[in-house]
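Novice: Can you look at this prediction? I've put the sequence above it.
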Amino acid sequence: MENNQSIRQAIDNGYDFKIGSYISKGFELFKQNPGGYIGFAILFFIISLVINMIPLFGFVIAVIVTPPLSVGIAIAVHKQENDGSMEFGNFFKGFDYIGQLIVAYIIMLLIYTVIAIPLILILGINFFSTIASGDPEAIMASYQEVAKLGVWIFFIGALFVYVGICTRWTNYLIVFHKYDAVTAIKTSWQLVNKRWIMHFLFLLVCGLLILLGFVALLVGIVVAYPVVMAADYAGYVDITGLNINSDSIDNEVTESDLI
């Protein structure tokens, strides 16, 4: 499997991560179908907002809907590059992989929960009870106590960032290389760790673009978001050797295929 060999080589030998090239490619891809990308970005933001407003079941809906939608732009770009298809329905093809995407999402939630446990224990039940009480004075006093735990909060926050960046290509590996959730998480970790700092800098640049989008209000956001996602896809293609001339990437891959 040629693509798997490229991934194995990237893990074993490292790779160049060309931030400027990927950002430029993101803008180039966006300009080929701006209406579609802006339309999906608006719809994605509306769906996310509505889900967050739903009590109780909103979290369950988010677990089901968010992972497939998060890869929508990457899939649309892939099809655009592969056969020139710019159908709006391409943005929703992530639902074809919903099973493993949800499994990966839940695994990551569990990982983040485990990371957060020490902070929860340090803060204690009283802190969360105080926040839930809504008493302004008590809440302010609680925050002052939390400020004394700055080192712990920074450490756990940094761990969250580290894990998030290491696993950020999990969904791409599920969709484009048909990995199962566990293998995708492990492979993303191995890939990204080879150039973690460059991935961090790339995401920092992307964050600045999103911030500029906020400054430019809604118009800027719905442009910056798809550009950033398209740029991330461009980086994934470059590093993994994804064959954009093939619309589907073999069949399901297991961990043994990477050895």
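Specialist: Happy to help now that I have it.
Novice: show me what contacts Phe17?
Specialist: Taking C-beta atoms under 8 Å, 6 or more residues apart in numbering as the criterion, Phe17 is in contact with Arg195, Met198, His199, Phe202, Gly235, Ile239. In short, each C-beta sits where N, CA and C put it, glycine included.
Novice: So which residues of the stretch 1-150 of the chain form helices?
Specialist: 2-13, 19-32, 34-53, 58-70, 72-83, 98-133, 136-147, 150-166 (DSSP state H, counting those that start in this stretch).
Novice: Select, out of the ones you listed, the one closest to Val222.
Specialist: helix 34-53 (4.1 Å; C-beta to C-beta).
Novice: out of the contacts of Phe17, what pair is the most spread apart?
Specialist: The widest separation within the contacts of Phe17 (C-beta to C-beta) is 11.3 Å, between Phe202 and Ile239.
Novice: quick one on the thing from earlier: any idea which of the helices of the stretch 1-150 of the chain gets closest to Phe92?
Specialist: helix 72-83 (6.2 Å).
Novice: Quick check: buried residues in the closest one?
Specialist: Gly72, Ile73, Ala74, Ile75, Ala76, Val77, His78, Lys79, Gln80, Glu81 (16 or more other C-beta atoms under 10 Å).
Novice: Report the angle between that helix and helix 58-70.
Specialist: Relative orientation of helix 72-83 versus helix 58-70 (axes from the mean of the first three to the mean of the last three C-alpha atoms, to 10 degrees): 20 degrees.
Novice: Average pLDDT for helix 72-83, rounded please.
Specialist: Summarised as a single mean, pLDDT over helix 72-83 is 94.
Novice: who's in contact with it?
Specialist: With C-beta under 8 Å, 6+ apart as the criterion, helix 72-83 contacts 29, 32-33, 36-37, 40, 44, 85-87, 90-94, 172, 175-176, 226, 229-230, 232-234, 236, 242, 244-247.
Novice: So among those, which ones count as buried?
Specialist: Of these, these count as buried by 16+ other C-beta under 10 Å: 29, 33, 36-37, 40, 44, 90-94, 172, 175-176, 226, 229-230, 232-234, 236, 242.
Novice: so where's the chain shaky on pLDDT?
Specialist: 1-3, 123-149, 216-219, 243-259 (pLDDT under 70).
Novice: again, 50 this time
Specialist: Residues of the chain that meet the criterion pLDDT under 50 lie in 1-2, 245-259.
Novice: distance between the helix or strand where Val192 lies and the chain's centre?
Specialist: Assigned by DSSP states H and E, Val192 belongs to helix 181-193. Centroid separation for helix 181-193 versus its chain: 13 Å, with C-alpha atoms, centre = their mean, to the nearest Å.
Novice: Whichever helix or strand comes after it: which residues count as buried?
Specialist: Following helix 181-193 in sequence order, the next helix or strand is helix 196-215 (DSSP H and E). Residues of helix 196-215 classed as buried: Met198, His199, Phe202, Leu203, Val205, Cys206, Leu209, Ile210, Gly213 (neighbour count, 16+ other C-beta under 10 Å).
Novice: Pick the one among these closest to Ile23.
Specialist: Val205 (6.6 Å).
Novice: what separates that closest one from Ser24, distance-wise?
Specialist: 12 Å (C-beta to C-beta, to the nearest Å).
Novice: number of nearby residues for Tyr162?
Specialist: Tyr162 has 15 neighbouring residues, counting by other C-beta atoms under 10 Å.
Novice: Nearest residue to it in space, please, no chain neighbours.
Specialist: Nearest non-adjacent residue to Tyr162, counting by C-beta to C-beta, 6 or more residues apart in numbering: Trp196, 7.7 Å away.
Novice: hang on, that neighbour packs against Arg168?
Specialist: No. The criterion here is C-beta atoms under 8 Å, and Trp196 misses it with Arg168 at 10.6 Å.
Novice: Pull the contacting residues for the residue lying closest to Phe27 once chain neighbours are set aside.
Specialist: The shortest distance from Phe27 to any non-neighbouring residue, by C-beta to C-beta, 6+ apart, is to Val227 (5.6 Å). Each residue near Val227 by C-beta under 8 Å, 6+ apart is listed here: Ile23, Gly26, Phe27, Phe30, Tyr37, Leu209.
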